[in-house]
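Student: what follows is a predicted protein model with its sequence.
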Amino acid sequence: MPDPDCPTGGGGGPSGPAPAPPTVSLREISACTEAVGKQTGNFTLDITYQVMVNASAVTSATQLYNLGINFISEQLTNPTGTMGTSGANWCLGMASASCPSPGQVGLLTDGTLDELSGQGTLTQSFYMNGTGSPLQVAFGPLSSVGPLQSYTILNNTYNSRGKPPSVTVAGGAFSSVGAPPCQ
């Protein structure tokens, strides 16, 4: 008689734990400033984020599709001053049917641009496919070897008309001060 605690190679035994879901995050990879932003007409901090999966940069749309990631949504809350709450959606394809606003903002695989401008404060967060917990957003030099500053809720301050103008992100973890001009 077979031992019930000994797997026989057949399909009847336990298959083990399910694999952990991938960890999706955003990583700031570059930033620059525009004295007069093309989209905003004001001083603007342009931050380029890279989508990361399990701490590795995503390099193709196929990787994201295979993980079921069709878009990253931006949520803006608690505005003061002239700040609004209409966040963007970064979609895989310009005509992606799975995107809430197809063609709104382009591809995720080679860095996604976020243009920050205005007068006031707000909180900013990002979500995979528009749901779930906010994604971690990491700031720090690309050459950094240790842990990076990472946040799920970014408390941002916008002073695009200041003398000098400035934008700070994540409570000052990242700032327009010292960022080079955009080329």
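Tutor: That came through fine. Numbering: from 1, shown residues only.
Student: could you say which helix or strand holds the most centrally placed residue in the chain?
Tutor: With distances taken as Cα atoms, centre = their mean, the chain has L26 as the residue nearest its mean C-alpha position (4.0 Å). Applying DSSP states H and E as the criterion places L26 in strand 24-34.
Student: pull the distance from that strand to the chain's centre.
Tutor: 9 Å (Cα atoms, centre = their mean, to the nearest Å).
Student: for that strand, C-alpha coordinates in PDB please.
Tutor: The C-alpha coordinates for strand 24-34 follow below in PDB (Å, rounded to 0.1, in the frame of the first residue of the first chain):
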ATOM      1  CA  VAL A  24       6.100  46.800  -9.500                       C
ATOM      2  CA  SER A  25       7.500  50.200  -8.700                       C
ATOM      3  CA  LEU A  26       8.700  53.400 -10.300                       C
ATOM      4  CA  ARG A  27      12.200  54.800 -10.300                       C
ATOM      5  CA  GLU A  28      13.200  58.300 -11.000                       C
ATOM      6  CA  ILE A  29      15.900  58.100 -13.700                       C
ATOM      7  CA  SER A  30      16.300  61.700 -14.800                       C
ATOM      8  CA  ALA A  31      15.000  65.200 -14.200                       C
ATOM      9  CA  CYS A  32      15.400  68.600 -15.700                       C
ATOM     10  CA  THR A  33      13.600  72.000 -15.600                       C
ATOM     11  CA  GLU A  34      11.900  74.200 -18.200                       C
END
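Student: which secondary structure elements does that strand sit against?
Tutor: strand 44-53, strand 136-139 (3 or more Cβ pairs under 8 Å, 6 or more residues apart in numbering; DSSP states H and E). From N, CA and C alone the C-beta is placed, and that goes for glycine too.
Student: mind checking the SS state of T62?
Tutor: helix (DSSP: H, G, I helix; E, B strand; the rest coil).
Student: how many neighbours does L148 have?
Tutor: Look at L148: counted by other Cβ atoms under 10 Å, it has 15 neighbours.
Student: how near is it to L26?
Tutor: 11 Å (Cβ to Cβ, to the nearest Å).
Student: now the common contact residues for these two.
Tutor: By the contact definition Cβ atoms under 8 Å, 6 or more residues apart in numbering, L148 and L26 are jointly contacted by A138.
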